[in-house]
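Colleague: need the 3D shape of this:
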Amino acid sequence: MFKKILKFIKFILVGTAWSYLFIYASVLFTIKIWNFNYLSLKSWRIIGSFWNQGGIIKHPGDYGLFAVLLLLIPLWLLGWRYFYKKNFTALLLTPIIWYNKRTIAKYGSNSSRIILKNLGTTQKIDPKEYIESQLKDAKATIENHEKASDSLREMLKEKISSDNLK
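Modeller: Model prediction:
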């Protein structure tokens, strides 16, 4: 239920933002190219009077305006769908990712190794020495277990012999 509400909110926010940007850009585009504002009744009256007086679409510019007016709604819907499917967390994190890449390129490209500081001292141990020390520890543990098992056996013998005497 909560996911559906979030999707609906995203749908509305993306639709509102995309509609505003699309209308703004398309109005600027049509005004700049054809001096036609499709949101203005005055521009539509001029086209209507031209058409009613027997106007004909002859020039490539006229075909371009007609094509743009026909494609406004499909482009608006396709843009809305495209931006709705976008991952906005990635978009919000873009400046941070850009800064990290820039910092790595700036400071990390000259260095062939990574230097970590304040992690304490490290000692290089020869693998043979490491294995020998592990073997010594294992032998000591085994000897301790043997001594413990021997003492347990002795205690068990004494207990059994004392129970038999009673």
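Colleague: which residue, neighbours along the chain excluded, lies closest to residue 76?
Modeller: residue 22 (5.3 Å; CB to CB, 6 or more residues apart in numbering). No exception for glycine: its C-beta is placed from N, CA and C like everyone else's.
Colleague: list the contacts of the one you found.
Modeller: Residues near residue 22 by CB atoms under 8 Å, 6 or more residues apart in numbering: 75, 76, 79.
Colleague: quick check: it vs residue 4, distance?
Modeller: 26 Å (CB to CB, to the nearest Å).
Colleague: cool, and residue 34?
Modeller: If you go by CB to CB, the gap between residue 34 and residue 4 works out to 43 Å.
Colleague: between the two, which one's more packed in?
Modeller: residue 34 (16 against 8; other CB atoms under 10 Å).
Colleague: still on that earlier bit, looking at the contacts of residue 22, which are in helices?
Modeller: 75, 76, 79 (DSSP state H).
Colleague: just send the residues you listed back as TSV, with pLDDT, distance to residue 38 and neighbour count too.
Modeller: Formatted as TSV, the ones in helices among the contacts of residue 22 follow (pLDDT from 0 to 100; distance: CB to CB, whole Å; neighbours: other CB atoms under 10 Å):
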residue	pLDDT	distance to residue 38	neighbour count
75	96	13	13
76	95	12	16
79	95	17	15
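Colleague: make a markdown table out of those residues and add distance to residue 61.
Modeller: Listed next are the ones in helices among the contacts of residue 22 as a markdown table, based on distance: CB to CB, whole Å:
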| residue | distance to residue 61 |
| --- | --- |
| 75 | 19 |
| 76 | 22 |
| 79 | 24 |
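Colleague: which parts of the top helix by length along the chain are buried?
Modeller: Assignment by DSSP H gives helix 127-165 as the longest helix of the chain. Using 16 or more other CB atoms under 10 Å as the test for burial, helix 127-165 gives no buried residues.
Colleague: hmm, back to that, the residue nearest to residue 76 and residue 32: what is the separation?
Modeller: 16 Å.
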